[in-house]
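S.K.: What follows is a protein structure lacking sequence information:
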């Protein structure tokens with residue numbers, strides 16, 4: 001079955017950096033659009049970044065210039081480098097995958113989440 005396993009979350013002070021990783025298995029990685037969502041307590045889930053099969057990346061306005069999504073197709077792994085972190089970036093971050101995700105569809109698969117906490 002499809003598994004998306006996130007790692008790399010944690011606690012950091014404002015202005016710091018973290019890198020999330022997502023190891024994917026059980027799917028043909030190169031056939032999927034990959035991305036990241038996040039959900040803060042009491043808030044709706046929001047899309048953070050997505051990376052298409054051709055490597056094109058798209059970001060939420062709130063993270064542009066600070067977050068970078070990348071992937072290693074040979075390792076079936078997705079990354080999210082987060083720099084200049086702010087307290088409002090505090091959330092559970094989810095790795096997602098979907099064949100139509102990059103063209104407006106909803107992700108088919110979700111990881112279990114990795115907590116990121118940014119203190120002021």
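M.R.: Here it is on my side, so go on. Note that this is a predicted model, so its numbers are computed, not measured.
S.K.: Now do the contacts for the most centrally placed residue in the chain.
M.R.: By CA atoms, centre = their mean, the chain has its centre lying nearest to residue 36, at 2.5 Å. The contact partners of residue 36, taken as CB atoms under 8 Å, 6 or more residues apart in numbering, are 20, 22, 47-50, 69, 78, 80, 93-96. Where you see a C-beta, it was placed from the backbone N, CA and C, and this is true even at glycine.
S.K.: Relative to residue 29, which of the residues you listed is nearest.
M.R.: residue 78 (8.9 Å; CB to CB).
S.K.: Walking through the chain, point out its strands one by one.
M.R.: For the chain, the strands defined by DSSP state E occupy 3-7, 10-13, 18-25, 33-39, 46-51, 57-59, 67-72, 77-82, 91-98, 109-110, 114-119.
S.K.: Let's have the ones you listed in TSV, adding mean pLDDT.
M.R.: Shown next, in TSV, are those (pLDDT from 0 to 100):
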stretch	mean pLDDT
strand 3-7	96
strand 10-13	98
strand 18-25	97
strand 33-39	97
strand 46-51	96
strand 57-59	96
strand 67-72	96
strand 77-82	97
strand 91-98	98
strand 109-110	97
strand 114-119	98
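S.K.: what's in contact with stretch 106-116?
M.R.: 2, 4-10, 12, 18, 20, 22, 27, 35, 37-38, 82, 85, 89-101.
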